[in-house]
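In: kindly generate the corresponding structure for this input.
(2 chains)
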Protein chains: 2
Amino acid sequence: MNNFVFNLPTRIFFGRGMENQVGVETARYSKKILLHFGGSSASKSGLLGRVRASLAAAGVEWVELGGVKPNPALSLVYKGIELCRKERIGLVLAVGGGSVIDSSKAIAAGTLYSGDVWDFYTGKAEPPKTALPVATILTIPAAGSESSCGSVITKEEGALKRPLNADCIYPRFSILDPELAFTLPENQIANGAADIMAHLMERYFTNVDHVEFSDRLIEATLRTVVAVAPRVLADKTGYDAWAELMWAGAIAHNNLLDRGRVGDWASHDIEHELSGIYDIAHGAGLAVVFPAWMKYNLRHDIPRFAQFAFRVWGVEPDGFEPERAAREGIARLEAFWKSLGLSVRLSGLGIGLDRAAEMARKCTDADSHSVGQFVHLTSADIEKIYRLAE
Amino acid sequence: MNNFVFNLPTRIFFGRGMENQVGVETARYSKKILLHFGGSSASKSGLLGRVRASLAAAGVEWVELGGVKPNPALSLVYKGIELCRKERIGLVLAVGGGSVIDSSKAIAAGTLYSGDVWDFYTGKAEPPKTALPVATILTIPAAGSESSCGSVITKEEGALKRPLNADCIYPRFSILDPELAFTLPENQIANGAADIMAHLMERYFTNVDHVEFSDRLIEATLRTVVAVAPRVLADKTGYDAWAELMWAGAIAHNNLLDRGRVGDWASHDIEHELSGIYDIAHGAGLAVVFPAWMKYNLRHDIPRFAQFAFRVWGVEPDGFEPERAAREGIARLEAFWKSLGLSVRLSGLGIGLDRAAEMARKCTDADSHSVGQFVHLTSADIEKIYRLAE
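Out: Have a look, this model is predicted:
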């Protein structure tokens, strides 16, 4: 186990009706905020109306900026920054899923920065030390952005999708009401489950040894998602299964589960190239990339893949041919994702290999760096992984 | 799952040599602190010397108060409060185990309170809203007080041991260096393991349903302790197993694992009467009380005890006679604790039943209230549990 610092600054309000506390909690930070959201669903469902009423009752003024799309765009972030400066905003409230939250974090960091916020995402500037406070009301369990210090933004020109991690963009508080997810369509539920599982598996595949406790916590969270995601799909307004999935999604990505270890994160980078270009959902892309990444890297650490197969998927250990058991774990993961209605092949997403080499080069910035910590991948490796996912 | 608020304000610095950061971290809160500790072991090991050097290097002044004993005494808390007021102290730094930390929390709350700090512990006063900041350097993985909002203090007169829970006494930061535990004697290691497991089991036995995720997190933590505690006893200076045990001990008691559920906590109350009177270690008392509590309450929820047996102890489920499997789980727990050198019977601690009725009455304040949330126990129930533990 490596040395580490553990710090979870996000306060979570979880359960039925918790969104009605948003006004009171927001007022602790600022009396004038940016209300940031996506399309019309939050408005149609009545959620935005309840949020406005709660803010008004607490004496909080707001300025609205909607229109966040999946793979949130840098251009809208710029617009938000301009608005926050002009209106002297004191907090950014995200109402939506990971895209809205990531966009809010970018606006919050960019507002207090004199340079170009995109520099934080490309690494041209050091990660920010200060940002406007961010708060969230989550409507889609998936990205984990509601309790993480991460944000992923897409620059439309060049279809560049890049991540930022910085302590100052942890939400101050996040409101998680499972009922807000009742109206999600099946494909978004399945994509969300894949995204949550990918956050767990990125952390699971590590070269750090003596990480038994966090191994077991990750396995426990994975088993929970495997148990409850089908129940959510079978009964989209079933509170109990939704509650498990939403809470697991928040814990999966808040860094509790990877203290003392180093995660891999290659599959995320490899996927970002896909959803950057093809505008597919991140979770849908991960369901295609992760099994291929696993097959490509299986022999790097067969005991770890075999443990994953046994503890998460119940595959009997095979001391004589451990690789057989390890491969069976990957097959079970694919079968599970297919049972949720996900495709585990690029062809299922209607994506060919014509731009595979280009994406592999972009992913490594023309081989200027490798991708992944568990195994360091070159652009040649990444292209092979796209081909395995064909 | 119940609605909940989740908030973990304690920042953890974990790993080798982390105690050398204490000066810098402390200076963020105050330049004049109370350095609170127990007996001579922290001094002999050189730890106190390193702490003093780190404080001095960061320009932090300190006043020292040692002498905390197991089952920390109210009289020393009063002395600490007086000292903090006189010296205008701005933070209480605990260097030690749960007793030192609990004493520090009481001093921190009492210093800012005009009444008698003991009133917080008896419920005569509402839990405090403010306290001096507390920080800790942990030397004994057991109580979990390093990342909890709890404190247990013993009033010598009447041998009353009572708990307080309040958000304001969460440590601001805690330093966990597994190497600091290398010098612990075997019995303290075993007591600590029992204490950690008890914190997990108190949370596990709940009447709230649809708590699958937190069930699995608790089981994962229990399995970790079961795996690593024997390794620690076999090699007392083995960093890797110690690191797992210390980190599991902190997570076991920081409220992550019981969000949305209601724990029981009767065994803690029943044990507090034992260690209040007989001055045994809390963990040693829990190893005696918990199996007896389980046997007494098994039939309240056989499926839950059977799940505990299967998932934590690997007992094969028995669909025909689930109670048999459930009982086998309790037997495995007892066998495990015995393998660590713990006694699971009062007789093994040299304690008879002559004061059982008296303790049962004290525990319920002469039957003015019941004890436990999973099953509500009267003094008659509690006396039977002491008898089962004979």
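In: mind telling me which residue is nearest the centre of chain A?
Out: A:A143 (2.7 Å; Cα atoms, centre = their mean).
In: for that one, helix, strand, or coil?
Out: Assigned with DSSP: H, G, I helix; E, B strand; the rest coil, A:A143 falls in the coil class.
In: so A:E19 touches A:E179, yeah?
Out: No. Checked against Cβ atoms under 8 Å, the pair A:E19 and A:E179 is beyond contact range at 9.1 Å. In short, each C-beta sits where N, CA and C put it, glycine included.
In: between those two, which is the more surrounded one?
Out: Taking neighbours as other Cβ atoms under 10 Å in any protein chain shown, A:E19 and A:E179 compare with A:E19 leading, 21 against 18.
In: up against chain B, what does the stretch 1-150 of chain A have?
Out: A:1-8, A:11-18 (Cβ under 8 Å from any Cβ of the partner chain).
In: out of these, which is most surrounded?
Out: Highest neighbour count within the residues of the stretch 1-150 of chain A next to chain B: A:I12, with 26 neighbours (other Cβ under 10 Å).
In: figure out the helix or strand that it lives in.
Out: strand A:4-14 (DSSP states H and E).
In: okay, now the sheet partners of that strand, with direction.
Out: strand A:173-176 (parallel), strand B:4-14 (antiparallel) (DSSP bridges).
In: what about A:L333, how many neighbours?
Out: Using other Cβ under 10 Å, the number of residues around A:L333 comes to 24.
In: run a quick neighbour tally on the residue nearest to it when sequence neighbours are not counted.
Out: Excluding the flanking residues, the one nearest A:L333 by Cβ to Cβ, 6 or more residues apart in numbering or on different chains is A:P291, at 6.1 Å. A:P291: 21 surrounding residues under other Cβ under 10 Å.
In: just A:V117 next, same as before
Out: When neighbours are counted by other Cβ under 10 Å, A:V117 registers 23.
In: what's A:K155 sitting at in phi/psi?
Out: The phi and psi values for A:K155, taken as degrees, to the nearest 10, are phi -90, psi 120.
In: tell me the pLDDT at it?
Out: The per-residue pLDDT reported for A:K155 equals 94.
In: wait, doesn't it sit right on A:D119?
Out: No. The criterion here is Cβ under 8 Å, and A:K155 misses it with A:D119 at 11.4 Å.
In: which stretches in the stretch 151-300 of chain A count as helices?
Out: Using DSSP state H, counting those that start in this stretch, the helices of the stretch 151-300 of chain A run over residues A:186-204, A:212-234, A:239-252, A:266-278, A:282-297.
In: buried set for stretch A:40-59?
Out: By neighbour count with 16 or more other Cβ atoms under 10 Å in any protein chain shown, stretch A:40-59 contains the buried residues A:41-42, A:47-48, A:50-52, A:54-55, A:58.
In: how about A:R88: what's its closest non-neighbour residue?
Out: Nearest in space to A:R88, with sequence neighbours left out and distances taken as Cβ to Cβ, 6+ apart, is A:K32 at 6.7 Å.
In: for that neighbour, give me phi and psi.
Out: Backbone torsions of A:K32, given as degrees, to the nearest 10, read phi -140, psi 120.
In: which stretches in chain A count as strands?
Out: Taking DSSP state E as the criterion, chain A carries its strands at A:4-14, A:32-37, A:61-65, A:91-96, A:134-138, A:150-155, A:160-165, A:173-176.
In: could you dump those strands into CSV with distance to B:W247 added?
Out: Conversion of these to CSV gives the following (distance: least, Cβ to Cβ, whole Å):
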stretch, distance to B:W247
strand A:4-14, 9
strand A:32-37, 37
strand A:61-65, 42
strand A:91-96, 32
strand A:134-138, 28
strand A:150-155, 23
strand A:160-165, 22
strand A:173-176, 25
